[in-house]
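Trainee: have a look at this prediction, sequence included:
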Amino acid sequence: MSDSRRRSAAVLGWLLSLILFLQAGTSVQAEGGNFLDEMRGGVESLLNPGDSDTVEVAAAMARTLNLDPDFMAAQEEHESRLVMANVKNALNVRSDASEEADKVGKLYKDCGGIILEQRDGWTKLQSGNIVGWASNEYLLFGEEALTLANEVGKMIGTIDTEMLRVRKAPSTDAEIYGLLPKGEIVEVLSESEDGWACIDYDGADGYVSSDCIVIDFLIDNGETMDEIKAREEAEKEAKRHVNYGEYTTDADTTLLLAALIQCEAGGESYEGQVAVGAVVMNRVRSAAYPDSIHGVIYASGQFTPAMTGKLNRVYESGRIYESCIRAAEEALSGVSNVGGLTHFRRNNGREGLVIGNHVFY
């Protein structure tokens, strides 16, 4: 890697760490204003998951922030504060830098945070509501952390106008899919220079004005022990039973899975709907995820519709597509057209099994 590419990667890592720091609720001030105000719809919108060209991204981020060259040069000397979990399942976070210390939370696969302190092969980090120590043996730092974050992170947009038209093409003359209310959160697939953002609208590409949404880049957080306890109690209410690959459950949980399928793949083919259901069930069976449908669906940062409240609205409305209910029932019966794959996202060129507008991996 060239020196300029290393410097740009370091700057990108530092800026991404700053975003995480701000998302955790810390106010960072710099000469000339508040970074958070400048980042809204700026820095985060330039972080495109899957984009490996850190030189261009870092340069664009610097331009967006209007950072002073001397300030940027000083930051290039600092290591990235970004840290990512390097585990297949989960990593314990403890109250002190010792295996004997009490557990304060867990980081799961693909979770990240910011570095607060390091000593004796341990790192004190913050991830969501967790503040504690983890062994460096199970963490990624620097460019490795940045690369993973760029792969697993996602862009979301919050509607910032009373009612926003979603169009079928990036033009004010294009046909309208529908309307989104203020506060609605959507997954952002890309943002163009001509003022349009491409979003996931019920499984289809929709286009909205970039000026009307606030864009953020998100990385999954871990859970505190209290959060884990609350989630596990909720999972008990799901009344699950696993038997030889077939998952027998109550009608409400079947409809919850169907509602998620509708939110994620309502506009996809039936094959694509079954595939989303199969991913959920593969996670249920995997040791890397909660062992109930409710736990998997509502796990921190995993499914955007669950995070935004859209899933609950669809579920409570009772207006769930018949095809999505059938797809949920097939997935529950053990059918999988994606093998053991546990991830999917809109097809952005990533390697994997492509079904409709999604790639499964």
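Mentor: Great, that's in hand.
Trainee: C-alpha only now, for contacts and for neighbours.
Mentor: Noted.
Trainee: neighbouring contacts of stretch 88-105?
Mentor: For stretch 88-105, contacts defined as C-alpha atoms under 8 Å, 6 or more residues apart in numbering pick out 85, 106-109, 119-120, 122-124, 130-135, 138, 222-225, 228, 287-289.
Trainee: okay, and which of the residues you listed map to strands?
Mentor: 85, 106-108, 119, 122-124, 130-135, 223-224 (DSSP state E).
Trainee: next up, phi/psi of residue 113, please.
Mentor: phi -170, psi -170 (degrees, to the nearest 10).
Trainee: and for the closest residue to it other than its chain neighbours, the neighbour number?
Mentor: Spatially, and ignoring its direct neighbours in sequence, residue 113 is nearest to residue 127 (4.3 Å; C-alpha to C-alpha, 6 or more residues apart in numbering). Neighbourhood size, residue 127 [other C-alpha atoms under 10 Å]: 28.
Trainee: report the buried members of the contacts of stretch 88-105.
Mentor: Among these, those classed as buried by 16 or more other C-alpha atoms under 10 Å are 85, 106-109, 122-124, 130-135, 222-225, 228, 289.
Trainee: now, among the ones in strands among the contacts of stretch 88-105, which is nearest to residue 275?
Mentor: Closest approach to residue 275 among those (C-alpha to C-alpha): residue 108, at 23.3 Å.
Trainee: now do the same contact list for residue 310.
Mentor: Counting by C-alpha under 8 Å, 6+ apart, residue 310 has contacts residue 263.
Trainee: tell me the strands beside the helix or strand in which residue 117 is found, with direction?
Mentor: Using DSSP states H and E, residue 117 falls within strand 112-119. Strand 112-119 pairs in its sheet with strand 82-85 (antiparallel), strand 122-127 (antiparallel), by DSSP bridges.
Trainee: can you list those strands in JSON lines and add mean pLDDT and distance to residue 198?
Mentor: Listed next are the strands paired with strand 112-119 as JSON lines, based on pLDDT from 0 to 100; distance: least, C-alpha to C-alpha, whole Å:
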{"stretch": "strand 82-85", "mean pLDDT": "94", "distance to residue 198": "28"}
{"stretch": "strand 122-127", "mean pLDDT": "96", "distance to residue 198": "29"}
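Trainee: now distance to residue 169 too, for those strands, in a markdown table please.
Mentor: Listed next are those as a markdown table, based on distance: least, C-alpha to C-alpha, whole Å:
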| stretch | distance to residue 169 |
| --- | --- |
| strand 82-85 | 36 |
| strand 122-127 | 38 |
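Trainee: for residue 356, which of these is the nearest?
Mentor: Residue 356 lies closest, by C-alpha to C-alpha, to one member of the strands paired with strand 112-119: strand 82-85, at 30.9 Å.
Trainee: quick one, what contacts the nearest residue to residue 312 once chain neighbours are set aside?
Mentor: Of all residues not flanking residue 312 in the chain, residue 306 sits nearest, at 7.1 Å (C-alpha to C-alpha, 6+ apart). Residues in contact with residue 306 (C-alpha under 8 Å, 6+ apart) are 260, 297, 298, 312.
Trainee: could I get these in TSV, plus columns for distance to residue 162?
Mentor: TSV is the format used below for the contacts of residue 306 (distance: C-alpha to C-alpha, whole Å):
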residue	distance to residue 162
260	26
297	29
298	28
312	21
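Trainee: tell me the buried residues within these.
Mentor: 260, 297, 298.
Trainee: just the closest of those to residue 172, please.
Mentor: Residue 172 lies nearest to residue 260 out of those, by C-alpha to C-alpha, at 30.7 Å.
Trainee: checking the closest one next. Helix, strand or coil?
Mentor: Following DSSP: H, G, I helix; E, B strand; the rest coil, residue 260 is assigned to helix.
Trainee: between the ones in strands among the contacts of stretch 88-105, which is closest to residue 353?
Mentor: Comparing the ones in strands among the contacts of stretch 88-105 against residue 353 with C-alpha to C-alpha places residue 108 closest, at 24.1 Å.
Trainee: and the nearest residue in space to the closest one that is not next to it in sequence, what pLDDT?
Mentor: Nearest residue to residue 108 in three dimensions, chain neighbours excluded: residue 90, at 4.3 Å (C-alpha to C-alpha, 6+ apart). pLDDT recorded at residue 90 is 87.
Trainee: which regions of the stretch 1-150 of the chain sit below the pLDDT cut-off?
Mentor: 1-79 (pLDDT under 70).
Trainee: helix/strand/coil for the closest residue to residue 260 other than its chain neighbours?
Mentor: Excluding the flanking residues, the one nearest residue 260 by C-alpha to C-alpha, 6+ apart is residue 311, at 6.0 Å. Counting by three-state DSSP, the backbone at residue 311 sits in helix.
Trainee: contacts only, for the residue nearest to residue 113.
Mentor: Each residue near residue 127 by C-alpha under 8 Å, 6+ apart is listed here: 24, 111, 112, 113, 114, 221, 222.
Trainee: which residues touch the fourth one?
Mentor: Which is residue 113. Applying C-alpha under 8 Å, 6+ apart, the residues near residue 113 are 17, 20, 82, 83, 84, 125, 126, 127, 128, 221.
Trainee: residue 214: which of those is nearest?
Mentor: For these, the nearest to residue 214 is residue 20 (16.1 Å; C-alpha to C-alpha).
Trainee: where do the helices of this protein begin and end?
Mentor: Assigned by DSSP state H, the chain shows helices spanning 3-23, 35-39, 43-46, 54-65, 69-76, 142-152, 225-236, 251-265, 270-285, 293-297, 304-308, 310-317, 322-332.
Trainee: can you list the buried ones among the contacts of residue 306 in TSV and add distance to residue 184?
Mentor: Shown next, in TSV, are these (distance: C-alpha to C-alpha, whole Å):
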residue	distance to residue 184
260	16
297	19
298	18
